[in-house]
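Trainee: Predicted model, plus sequence, below.
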Amino acid sequence: MVFRLKEARKMKGQSLREAAKGLTESGFKLSHQGLNKYERGEVEIDSTKLIRFANYYGVTADYLVPNKNRPKVELTNIKFHKVRHW
């Protein structure tokens, strides 16, 4: 299964090397080659690693797990109202 690790890394604005270094500094020892294997789905991710990735990238574990059955929500025709502060 391919997780959304690459998307999360790119949202954080990091290269593979930068992300691997940051993950290693946070206690998840990982080379950029190892991270690339995770991103390509060549290595399985257990729940502990999934949570570590989510915490590092600042996303939820649910975000990282692709779900083709999840309906896509399009945000169109949204009306905003002013909120009055009392």
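Mentor: Thanks, I have it. These figures come from a predicted structure and were not determined experimentally.

Trainee: Counting by contacts, list what the helix or strand encompassing residue 53 packs against.
Mentor: Using DSSP states H and E, residue 53 sits within helix 47-57. Counting contacts by 3 or more Cβ pairs under 8 Å, 6 or more residues apart in numbering; DSSP states H and E, helix 47-57 packs against helix 5-11, helix 16-25, helix 61-64. To be clear about C-beta, it is placed using only N, CA and C from the backbone, and glycine gets the same treatment.

Trainee: tell me which residues in that helix are buried?
Mentor: Using 16 or more other Cβ atoms under 10 Å as the test for burial, helix 47-57 gives 49-50, 52-54, 56-57.

Trainee: Also compute the angle for that helix relative to helix 16-25, please.
Mentor: Relative orientation of helix 47-57 and helix 16-25, computed by axes from the mean of the first three to the mean of the last three Cα atoms, to 10 degrees: 110 degrees.

Trainee: chain center to helix 47-57: distance?
Mentor: 8 Å (Cα atoms, centre = their mean, to the nearest Å).

Trainee: average pLDDT for that helix?
Mentor: Across helix 47-57, the average pLDDT comes to 94.

Trainee: Show me what stretch 39-46 is in contact with.
Mentor: Residues outside stretch 39-46 that contact it (Cβ atoms under 8 Å, 6 or more residues apart in numbering) are 1-3, 5-6, 9, 16, 34, 37-38, 53.

Trainee: Got phi/psi on residue 84?
Mentor: phi -90, psi 130 (degrees, to the nearest 10).

Trainee: Where does the prediction get shaky in this protein?
Mentor: Scanning the chain for pLDDT under 70 picks out 1, 68-81, 86.

Trainee: redo that, cut-off 90
Mentor: Low-confidence segments of the chain, defined by pLDDT under 90: 1-3, 62, 65-86.

Trainee: So residue 16 sits against residue 36, correct?
Mentor: Yes. Counting by Cβ atoms under 8 Å, residue 16 does reach residue 36; the two are 5.7 Å apart.

Trainee: hang on, the earlier thing: output the buried residues of helix 47-57 in TSV, with distance to residue 42 appended to each entry.
Mentor: Converted to TSV, those look like this (distance: Cβ to Cβ, whole Å):
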residue	distance to residue 42
49	14
50	16
52	18
53	15
54	20
56	20
57	19
